[in-house]
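Colleague: Next comes the sequence, and after it the predicted model I'd like to discuss.
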Amino acid sequence: MTKTLNEEGMDLLFRAARTHNDWLEQPVSDATLHQLYDLLKWGPTSANSSPARILFLRTQQAKARLLPALAPGNVEKTRTAPVTAIIAYDLKFYEKLPRLFPHNPAMCEAFINAPQLIDPTARRNSSLQGAYFILAARAVGLDCGPMSGFDNAKVDEEFFATDKCSGCDEEFLPEGHVRSNFLCNLGYGDPTKLFPRSPRLQFDEACMLL
């Protein structure tokens, strides 16, 4: 028997879910962030490569380091969000493949021998994991405010340069080989501040059956 989400679950993840810019003064616990990751990690990636690395900014001091890299329109929504996640990717993701893809031990060497595949694989699959991140956040009761609108180079220099990441361990930050993809504010959105929902394309505008 095929299992599907009920209508309430589909609404929670998609139809009723909204991008939030205004936040209630309600903290997000570390336990909830752990729960979020423990869901998203099961989403598929190429060769189970799992290149996404996520830095959760939970304090005003951490946020202050990020704000100068943001477009002006993203500053206040980020400053007031309980948590901002930097969704990033590890360009040395292939070093973990012997553990993550054990049935094909040669996969690590495949990337070493074809370095032109490393960056597109890391970007593509961290973007997939970023989408899983949003769905997992909604599944554990959080609201999301995903965004571009920032200077990737400034973020990478501030948070992922080896000499800047005080306290980061080498397992997370291998010689500065982590790069930012996009940002996502997290918290409990203020439903009274939502604007009318924007339309979406219909099936025939976006899809074709061959």
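Modeller: Sure, I can see it. A quick note: this is a predicted structure, and the numbers were derived from the prediction, not measured.
Colleague: Other residues contacting stretch 86-95?
Modeller: Stretch 86-95 has contacts (CB atoms under 8 Å, 6 or more residues apart in numbering) with 49-55, 57, 66, 107-108, 111-112, 118-119, 121-123, 125-126, 129-130, 133, 155, 159-160, 174-175, 177-184. Every residue, glycine included, has its C-beta placed from N, CA and C.
Colleague: can you do 7 Å?
Modeller: Residues outside stretch 86-95 that contact it (CB atoms under 7 Å, 6 or more residues apart in numbering) are 49-55, 57, 108, 111-112, 118-119, 122-123, 126, 130, 133, 155, 159-160, 174, 177-184.
Colleague: and if you look at stretch 59-69?
Modeller: With CB under 7 Å, 6+ apart as the test, stretch 59-69 has contacts from 57, 75, 78-79, 84, 150-151, 154-155, 158.
Colleague: Out of the residues you listed, grab the one that's most surrounded.
Modeller: Counting neighbours by other CB atoms under 10 Å, T84 comes out on top of the contacts of stretch 59-69 with 25 neighbours.
Colleague: quick one: pLDDT of that one?
Modeller: For T84, the model assigns a pLDDT of 98.
Colleague: for the one 5 residues further on, same thing?
Modeller: Model confidence at Y89, given as pLDDT, is 97.
Colleague: Now the host helix or strand of it - C-alpha only, CSV.
Modeller: In this assignment (DSSP states H and E), Y89 forms part of strand 83-90. Output of strand 83-90 as CSV, limited to C-alpha atoms (Å, rounded to 0.1, in the frame of the first residue of the first chain):
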residue,chain,number,x,y,z
VAL,A,83,18.7,32.0,14.0
THR,A,84,20.3,32.5,10.6
ALA,A,85,21.8,29.5,8.8
ILE,A,86,24.6,29.7,6.3
ILE,A,87,24.0,26.8,3.9
ALA,A,88,27.4,26.1,2.6
TYR,A,89,29.3,23.3,0.8
ASP,A,90,32.6,21.5,1.4
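Colleague: Name the residues of it that are buried.
Modeller: For strand 83-90, a neighbour-count test (16 or more other CB atoms under 10 Å) marks 83-90 as buried.
Colleague: Would you reformat those residues as a markdown table and include distance to D38?
Modeller: Output for the buried residues of strand 83-90, formatted as a markdown table (distance: CB to CB, whole Å):
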| residue | distance to D38 |
| --- | --- |
| V83 | 16 |
| T84 | 20 |
| A85 | 15 |
| I86 | 19 |
| I87 | 16 |
| A88 | 19 |
| Y89 | 19 |
| D90 | 19 |
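Colleague: picking up where we left off before, buried subset of the contacts of stretch 86-95?
Modeller: 49-55, 57, 108, 111, 118, 122, 126, 130, 133, 155, 159-160, 174, 177-184.
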